[in-house]
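A.B. asks: Sharing a sequence plus its predicted fold:
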Amino acid sequence: MPAQYPLSPQFMLLSNITQFSPMFYLTGFPGLETIEHWIFIPFFLMHLVAISGNCFILIIIKTNPRLHTPMYYLLSFLAFTDLGLSVSTLPTTMGIFWFKSHGIYLAACQIQMFCIHSFSFMESSVLLIMSFDCCLSICHPLRYSVIMTSQRVVRTGLAVIFWGPVALVPLVVLLKTFPYCGPQVLSHSFCLHQEVIQLVCTDTTFNNLYGLMVVAFTMMLDLVLIALSYGVILRTAARLASQEEQLRAFQTCTSHLCAVLIFFVPFFFLSFFFKSSRMDY
């Protein structure tokens with residue numbers, strides 16, 4: 001185990017006596033232990049802003065009948081997934097920063113990873129639907145109101161919300177049946193399936209292949225389709241007669257493109273950080 005991940009005697013004792021409910025060690029941010037109380041403040045404020053802001057959006061859309069349109073329904077789905085991700089990562093991150101609570105039992109770890117991955121898949125799919133919405137509004141404006149009806153958007157959004165959790169159930173449930181060995185150290189401040197599965201002492205071929213398949217047919221496929229949608233948008237915008245019309249077309253997609261970058265860039269950064277951190281073992 002790397003030297004930068006020291007385990008306390010209390011954690012080692014609990015880990016040894018909880019054979020049937022393994023305890024994992026969340027490292028948080030190695031090297032910043034002396035200033036974790038100060039880091040807590042901006043992280044807590046960011047989570048507070050994210051939670052209150054998304055709740056405000058949901059309440060406004062719910063209570064204002066004039067906002068019961070396809071665009072605002074999609075915005076409410078996006079706010080719901082953002083709210084879920086913030087709430088899912090908040091407990092263990094704040095616990096590490098403020099209470100030095102690095103230990104987490106397998107059951108709690110399963111619940112957290114299920115929520116994080118589910119809401120991540122949901123948000124990816126919602127962003128895909130929003131890209132189709134932008135594509136239709138620019139490429140087929142006369143047919144937009146016929147295709148993107150409120151009823152169709154709500155049904156599609158609900159299907160997306162249920163698809164993510166259902167696809168993840170086998171992965172999370174199987175983790176309870178696996179034996180774990182060695183230092184049960186996780187390199188983040190929250191639980192992720194791709195990292196927990198590395199600590200299993202038996203064959204995990206099914207989990208690895210199924211997990212790869214789920215990611216490929218959700219987030220990776222969503223990203224490819226989003227890119228194709230923007231390709232169609234760029235081609236249509238290039239055919240517009242005036243620069244003013246082209247600028248108006250690009251302004252329609254600016255907020256959505258920012259949301260796509262904000263979601264997918266940290267996702268790939270987290271994956272790269274995960275791979276780099278595992279090379280230390």
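C.D. replies: Nice, I can see it.
A.B. asks: CA atoms for contacts and neighbours, from now on please.
C.D. replies: Will do.
A.B. asks: any idea how far stretch 253-264 is from the chain center?
C.D. replies: Its chain's C-alpha centre and that of stretch 253-264 lie 14 Å apart, by Cα atoms, centre = their mean, to the nearest Å.
A.B. asks: Can you point out the buried residues in it?
C.D. replies: By neighbour count on 16 or more other Cα atoms under 10 Å, the buried set for stretch 253-264 is 253, 256, 257, 260, 263, 264.
A.B. asks: In terms of distance to residue 65, which of the residues you listed ranks first?
C.D. replies: Nearest to residue 65 among the buried residues of stretch 253-264 is residue 256, at 23.3 Å by Cα to Cα.
A.B. asks: isn't the closest one right up against residue 128?
C.D. replies: No. Residue 256 lies out of contact with residue 128 (Cα atoms under 8 Å); the separation is 9.8 Å.
A.B. asks: Next one: residue 199 from residue 38, what distance?
C.D. replies: In this view, residue 199 and residue 38 are 32 Å apart by Cα to Cα, to the nearest Å.
A.B. asks: just so I have it, where are all the helices in this protein?
C.D. replies: Taking DSSP state H as the criterion, the chain carries its helices at 9-17, 36-63, 70-99, 106-139, 144-147, 150-175, 193-196, 205-215, 221-238, 243-278.
A.B. asks: Mind listing what's buried along the third one?
C.D. replies: For helix 70-99, burial by neighbour count (16+ other Cα under 10 Å) applies to 70-90, 92-97.
A.B. asks: who's more crowded, residue 199 and residue 38?
C.D. replies: Set side by side, residue 199 and residue 38 show more neighbours around residue 199, with 18 against 12, by other Cα atoms under 10 Å.
A.B. asks: so what's the more buried one closest to, chain neighbours aside?
C.D. replies: Leaving aside its sequence neighbours, residue 199 sits nearest to residue 180 (Cα to Cα, 6 or more residues apart in numbering; 5.8 Å).
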